[in-house]
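[1] 3D model of this:
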Amino acid sequence: MPDSRLPPLADALIPAADGMPSASEADPTGKWAARALAARPDLAAAFERALPAADLECLQRDDSEAFAALAEIVSGAYYMNVKVRKRIGYPGQKSNPPFPDEADYYLEGLLPERDEPLRDPKATAPRTKTDSPANVLIVGAGASGAVAAKELAEAGFSVVCLEQGGWKNASDFPGDKLEFELLVGKEWNANPNVRGWPEDYPCETSESEVDPVMFNAVGGSTIHFGAQWARMRPSDFRTRSLEGVGDDWPISYEELLPSYERLDVDMNVSGIGGDPAYPPGAPPPLPPLSIGKIGRKAAEGMNKLGWHWWPAAHAIPSQATATQAPCARRGTCMFGCPEGAKGSTDLTIWPKALAAGAKLVTGARVREITTNGNGLATGALWIDRDGNEQRTEADVVVVAANGIGTPRLLLLSGLANSSGLVGKRLMLHPYMSVLGLYDEDLESWLGPWGTPLLSLQFADTDESRGFPRGAQWDVMPIGGPLMALARYDALPFEERWGSPIHGLVEKTLGRAFDWGIGIEDLPSEENVVALDRALTDSDGIAAPRIRYRIDEEAKANLAWQLERAKEAHEAAGAVETVVTDWSQWGWHLLGTCRMGDDPSASVVDRFGRAHDVPNLYIVDGSVFVTSGPQPPTATIAANAHRCAEHLIQTASLQAVPA
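    Here you go, the predicted model:
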């Protein structure tokens, strides 16, 4: 060990028991502790404060930060040791390609027979290039910005995209490293306030119960999404008409359907058609990924209860494509795919956009959309990584900076807010889960992380429950030993540490999975993105200030859904369940520049055009009217495609600056 004071503390946390070595026995030279500290240098100061401690329970009570740092480094070092991993039967998040027939094997006997065949995917008509290419500036290179850039460039427009992040390589990602579970705590954390990379901007969240999470890079937050590719249903666009809650969208599922199907192809989506929760339509272009042992176990329980489930579609290819490897089931999708398999748009969409002539500028932090005296956007001012201000002019500006970044930029620019709704009605999809523990090996570190199967059984309003709307359920793997143990952090010291730690790992690691519950978040003007008066990013630009509360109806929704998820686990044979509260994570940033036909009650029209600025478009999740119970990326991308198609078709009528 690097310090003589550490071994007794480490052994108090992880003693020898149940045939397992103590922490000091597993790290006699201190190399694993040193490697753990190298992975989490942010913990070094608090770790040092812990070393003089004589009593760890007193340390936990008196300096919880120091105790947490000590516990993270000691347990991280212990479970990096490959001999320890062998004893607990954990192979690590290794590449584990499925057998060719594995998806069929795990689905055998579970799915109902379909009454009618699915129709073939629609053919896409060839595009006609415009005679007079427009110069379009796009802000943001994530899901929506990539799709807009590709469509516009392929139609012959001159496209420039400004992205404040850069390109990421598969070798950058932590999923194939022994330190994986430590690295995701800081360097690869989804929260920019924790991650703190130079390309990130901070968010002021002291008034928020939920921290928004995002990623700034080519590919945007698709770098760290789970790649689940779920559509909203027809009813999800009409909650006011059908259920008297929320608001209706100005567009329908039917209007989005051609774009949904086009994006399935562009994103190399794997899945199986025929989900009874949706109207008939084209199946995903690639065969499904395996639902694995955890999916089959979950499906057996749902079938006993007569509840809906379906194998999830993923923007992860089950077969190799021109730019992606096939899924290897590492189960690290949320933190970038080291295989180069997951369908982040840097791999799926941007190669086509660049081939069509789009120009992508990285390291470009936009601080203002510029306008002229006629009320038209003229381009943007941005800061390069040398601190120099740059200007890019354009006939049309398309903003694709997510549900936090887009209202921030509009507020910084003083634009498109005659309705007073810019930054209002933020929706973040509060999320919790129920862990089910089983008396059998389920290999529940295997991916895909984004969910092998989902359920929409309880997605709609049932007035008898006492709250509106519902949730999508997702079966989720649980990762490695640190992620498994994190479920027990609320236990008293004597039940969490010492010899009990080995029993917790034995009963949980590889033998448990989550039913994750993501509830639909209804819009409220109390949930707001504004500009902070004091906090700035590294270029001195005002940071967003987030005010967000989970209201009582949402809490009731979560509580009710969690009880049903416990029932689902019990029906599948779980011997124990554990509820985990993940609601501090705001994975989906929606609703802050909502679309609508009425300029007094919306920011953009049905095609994303700002009511106040005729050549300014918004195509990201900020335009969502309601959030739906599903992960939003498929709908964000499809809507960006639909808006770009409209811009192409109406280019001759588009107002542009002289």
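[2] So in this structure, where's the weakest helix or strand by average pLDDT?
    In the chain, no helix or strand scores lower on mean pLDDT, DSSP states H and E than strand 585-586, which sits at a mean of 88.
[3] in its sheet, what does that strand sit against?
    With DSSP bridges as the test, strand 585-586 is paired with strand 211-212 (parallel).
[4] ok, then the element right after the strand it pairs with?
    Reading on from strand 211-212 to the C-terminus, the next helix or strand found by DSSP states H and E is helix 239-243.
[5] contact partners of the least confident helix or strand of the chain?
    Strand 585-586 is contacted by residues A190, N191, V210, D211, P212, V213, L428, H429, Y431, Y548 when judged by Cβ atoms under 8 Å, 6 or more residues apart in numbering. To be clear about C-beta, it is placed using only N, CA and C from the backbone, and glycine gets the same treatment.
[6] Could you find the closest non-adjacent residue to G220?
    If you skip the residues right next to it in sequence, G220 has G142 as its closest partner in space, 2.0 Å away by Cβ to Cβ, 6 or more residues apart in numbering.
[7] Check F47 too.
    Closest to F47 by Cβ to Cβ, 6+ apart is A69, at 4.4 Å.
[8] wait, is that neighbour part of a strand?
    No. Assessed by DSSP: H, G, I helix; E, B strand; the rest coil, A69 does not belong to a strand; its assignment is helix.
[9] Distance check, it against K186.
    The spacing between A69 and K186, counted by Cβ to Cβ, to the nearest Å, is 11 Å.
[10] When the two are compared, which one has more neighbours?
    In this comparison of A69 against K186, neighbours counted by other Cβ atoms under 10 Å, the higher total goes to A69 at 22 against 17.
[11] Now do the strands in the stretch 201-350 of the chain.
    For the stretch 201-350 of the chain, the strands defined by DSSP state E, counting those that start in this stretch cover 204-208, 211-212, 310-311.
[12] quick one, which of these is nearest to P614?
    Ranking those by distance to P614, with Cβ to Cβ as the measure, places strand 211-212 first at 29.9 Å.
[13] Show residues contacting the closest one.
    When contacts are taken as Cβ under 8 Å, 6+ apart, the neighbours of strand 211-212 outside the stretch itself are N191, N193, C203, T205, G403, I404, L428, I546, Q584, W585, G586, L589.
[14] wait, L286 sits on P317?
    Yes. Counting by Cβ atoms under 8 Å, L286 touches P317, with 5.5 Å between them.
[15] tell me the pLDDT at the nearest residue to P52 once chain neighbours are set aside?
    In this structure, P52 finds its nearest non-sequential neighbour in R5, 6.7 Å apart by Cβ to Cβ, 6+ apart. According to the per-residue confidence, R5 scores 94 in pLDDT.
[16] coming back round to it: which residues are in contact with both of A69 and K186?
    Here A69 and K186 share the contacting residues L43, scored by Cβ under 8 Å, 6+ apart.
[17] mind listing what D172 touches?
    In this structure, D172 makes contact with G336, judged by Cβ under 8 Å, 6+ apart.
[18] mind checking how far E526 is from G423?
    With distances defined as Cβ to Cβ, the gap from E526 to G423 amounts to 12 Å.
[19] How about A277?
    33 Å.
[20] of the two, who's got more company?
    In this view A277 and G423 are compared by other Cβ under 10 Å, and G423 has more residues nearby, 29 against 17.
[21] I figured G363 hits P198, correct?
    No. Proximity of G363 to P198 does not meet the contact threshold set by Cβ under 8 Å, at 9.1 Å.
[22] Among those two, which residue is more densely surrounded?
    Under the neighbour definition other Cβ under 10 Å, G363 and P198 were set side by side, and G363 has more, 16 against 13.
[23] thinking again about what came up before, go through the contacts of strand 211-212 and say which is closest to L257.
    Minimum distance to L257 across the contacts of strand 211-212 is 23.7 Å, recorded for G403 (Cβ to Cβ).
[24] what sits against the closest one?
    The contact partners of G403, taken as Cβ under 8 Å, 6+ apart, are 212, 426-427, 529, 588-593, 620-622, 624.
[25] which regions of the stretch 51-200 of the chain lie under the pLDDT threshold?
    Screening the stretch 51-200 of the chain residue by residue with the criterion pLDDT under 70, one finds the ranges 113-134.
[26] er, the chain I mean
    Counting by pLDDT under 70, the low-confidence segments of the chain come to 1-2, 113-134.
[27] measure the most centrally placed residue in it to F624 for me?
    Nearest to the mean C-alpha position of the chain, by Cα atoms, centre = their mean, lies F225 at 3.5 Å. The span separating F225 from F624 equals 16 Å under the rule Cβ to Cβ.
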